[in-house]
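In: Got a predicted model here, sequence first, then my questions.
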Amino acid sequence: MKRLFFYISLLVVFSTTYSQTIDSKINSKADTLSHLVKLIDRTDNVDSNRIYRDLFFKAFPKTFAQFVKIYGYQDSVKCIDNEISTKFYKSILYDNAKHHIIDIYYTLHEIDINRRFISIINIAKNGCWQADAVNFFKLGANNLLQENLDVFIKNLIKFDNSSVLGFWFFYFDSPCPPKKLPEFLEPVRLKNKRIYDLMIKSLLKVQKEWDRENSN
C-alpha cells in the first residue's frame, strides 16, 4: 500500500512538473512574439525589420494547441444548483491577437509562400472554430488560399489523408458553414482528386455537426 501511494505521489509530481514546463514554454514563446512585434512596429530600418519579421514567423505557434494557448481562449461551463455558469479564460496574447495575426503574420510577403502555407496547414490540421483569434487566422488563410490556390494545393498534397481532412474541417468549420462548396474551390476537382474528395468529405462532416448542434 505504501509502495502504491509512493508511485501515485510520484505520478502527481511528474504531471504537475510537466504541466508547469509546458506553461513555461508557452509563456516564453508569447514573450518572444510580443517583443518581436514591438520591434517590428517601431523599426524603420528595412533590413532590421526584415530580420525581426523572419524571427516572428519562426516563433509563431506551430500547432493549433499552441495557437489557442497563446492567442485564443478557453470556456469552462458548469452547472451549479441548476444554474449554468460560464467562465471565459483569455490566453496570454488574446488582446493582441488581431494585430499579431492580421497585421503581421499574414503580411509576411517576404517569407517564401510555400513555408507560409506549410505553417498554416500545420496549425489548421488539428483545429476547430473559435471566435476572435481563430477566426482571424481562418480569415487570413482563406484570403491567401484564394489568391494562391495552385501553390496551396501543391503544398497540401504533401500531407496524409488525416491531415488533409483536418485542414478542410478547420477551413469550413463555423456556426454557419457553407451550404455548398465555394465556387473558387471547384477547380480542385481537376487539380487533385484525392484532395477534392477529402475536401467534400470534410464539408459534409462540418455541415452535419453544425446541423445537429443548431437543432439542440
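Out: Noted; the coordinates are in hand. Keep in mind the model is a prediction, meaning the values are calculated, not measured.

In: any low-confidence regions in this structure?
Out: Across the chain, the ranges flagged by pLDDT under 70 are 1-22, 76-87, 216.

In: what are the ranges of the strands in it?
Out: 73-80, 83-90 (DSSP state E).

In: Let me know how buried residue 194 is, in neighbour terms.
Out: For residue 194, the neighbour count with other C-beta atoms under 10 Å is 11. Every C-beta, even on glycine, is put in place using the N, C-alpha and C of the backbone.

In: now the one 10 residues further on
Out: The number of residues packed near residue 204 is 12, by other C-beta under 10 Å.

In: and what of the one 3 residues further on?
Out: Other residues near residue 207 number 15, with proximity taken as other C-beta under 10 Å.

In: Was I right to think it contacts residue 177?
Out: Yes. Between residue 207 and residue 177 there is a contact under C-beta atoms under 8 Å: 5.4 Å.

In: For stretch 147-156, C-alpha coordinates in PDB please.
Out: Output in PDB follows, covering the C-alpha atoms of stretch 147-156 (Å, rounded to 0.1, in the frame of the first residue of the first chain):
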ATOM      1  CA  GLU A 147      -5.100  34.300 -54.200                       C
ATOM      2  CA  ASN A 148      -2.700  31.300 -54.500                       C
ATOM      3  CA  LEU A 149      -4.900  28.200 -54.900                       C
ATOM      4  CA  ASP A 150      -2.400  26.300 -57.200                       C
ATOM      5  CA  VAL A 151       0.500  26.800 -54.800                       C
ATOM      6  CA  PHE A 152      -1.600  25.900 -51.800                       C
ATOM      7  CA  ILE A 153      -2.700  22.600 -53.400                       C
ATOM      8  CA  LYS A 154       0.900  21.700 -54.300                       C
ATOM      9  CA  ASN A 155       1.700  22.000 -50.500                       C
ATOM     10  CA  LEU A 156      -1.400  20.300 -49.200                       C
END
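
In: next one: it to chain centre, how far?
Out: Taking C-alpha atoms, centre = their mean, to the nearest Å, one finds stretch 147-156 lying 18 Å from the centre of the chain it belongs to.

In: Since that was my last question, I'll sign off now.
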